[in-house]
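Undergrad: with the sequence up front, the predicted model follows.
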Amino acid sequence: MARTRRIKAESDAHYHVMSRTNDRRFLFKKGRIKKEMVGILRRVADFSGVRLEAFCMMDDHFHIVCKVTQPEEPVSEDEVIRRIGVLKGGKFAAELVLHWSELRICGMVAVVDEAINAWRRRMNDVSEFAKTFKETVNIAYKVACAADRAYCGSLWSGRFKSTLIQNGRYLSTCVRYVELNPVRAGMVSRVTDYAYS
């Protein structure tokens, strides 16, 4: 059976994104992992051109409320490189720039243009944003837990869920829902006491 298409706006829009771990296992109980997830989220949001409105990293799932903007013009090459550096690190970005300049010298401008466009297609899109976040967390978790071989396979239970938020009232309700998640779970008594949201 084919997947149902996600509802996406063609202009700037807010989304509520959520995903759970496989078997709802509490894989992120350690604060160190959740802290790393917050850092990854901020980097992926910067790379993706997504503005974070609210988020919450729980022991077995996450919630993100974000605004995805559609640029009027394609993201410039310099900005693509900057964002790649944010996501993959400055060394990776510098090596990529060097590789692209070597290809251009060899007359392979079309190859470089297609590579840049491939990176651009990963930006300003809620699906690419969520996919990049989940993949990056998956890798980071396995690196952090490599010594005890705590988990193999994907951490995540299937596709992420996303809801298009169409008006301001629902946006504020959704933000409150996400921020109150650790309070409802009994992890803290006040929203401000939770470090991973």
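TA: Yep, that arrived. Worth saying up front: this structure is predicted, and the values here are computed from it rather than measured. Residues are numbered from 1 along each chain as shown.

Undergrad: residue 121 and residue 127 touch, don't they?
TA: No. Counting by CB atoms under 8 Å, residue 121 does not reach residue 127; the two are 10.6 Å apart. From N, CA and C alone the C-beta is placed, and that goes for glycine too.

Undergrad: higher neighbour count, these two?
TA: Legend: neighbour count by other CB atoms under 10 Å for residue 121 and residue 127, higher for residue 127 (16 against 10).

Undergrad: report the central residue of this structure.
TA: For the chain, the residue nearest the mean C-alpha position is residue 133 (3.1 Å; CA atoms, centre = their mean).

Undergrad: contacting residues for that one?
TA: Taking CB atoms under 8 Å, 6 or more residues apart in numbering, we find residue 133 in contact with 40-41, 44, 64.

Undergrad: next, format those as TSV and append distance to residue 18.
TA: Formatted as TSV, the contacts of residue 133 follow (distance: CB to CB, whole Å):
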residue	distance to residue 18
40	16
41	13
44	15
64	7
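
Undergrad: report the separation between residue 128 and residue 31.
TA: Separation of residue 128 from residue 31 (CB to CB, to the nearest Å) stands at 28 Å.

Undergrad: ok, residue 14 next?
TA: 29 Å.

Undergrad: residue 127 too?
TA: Distance, residue 127 to residue 31, by CB to CB: 29 Å.

Undergrad: how about residue 50?
TA: Residue 50 sits 25 Å away from residue 31, going by CB to CB.

Undergrad: neighbour count: the two, which is higher?
TA: A count of neighbours by other CB under 10 Å puts residue 50 above the other of residue 50 and residue 31, at 26 against 11.

Undergrad: who does the more buried one form a beta bridge with?
TA: Here residue 50 sits in beta bridges with residue 68, going by DSSP bridges.

Undergrad: one step back: next secondary structure after the helix or strand harbouring the residue nearest to the centre of the chain?
TA: Take DSSP states H and E as the rule and residue 133 turns out to sit in helix 126-144. The first helix or strand that comes after helix 126-144 along the chain, using DSSP H and E, is strand 161-165.

Undergrad: list the buried ones in that next one?
TA: 162, 165 (16 or more other CB atoms under 10 Å).
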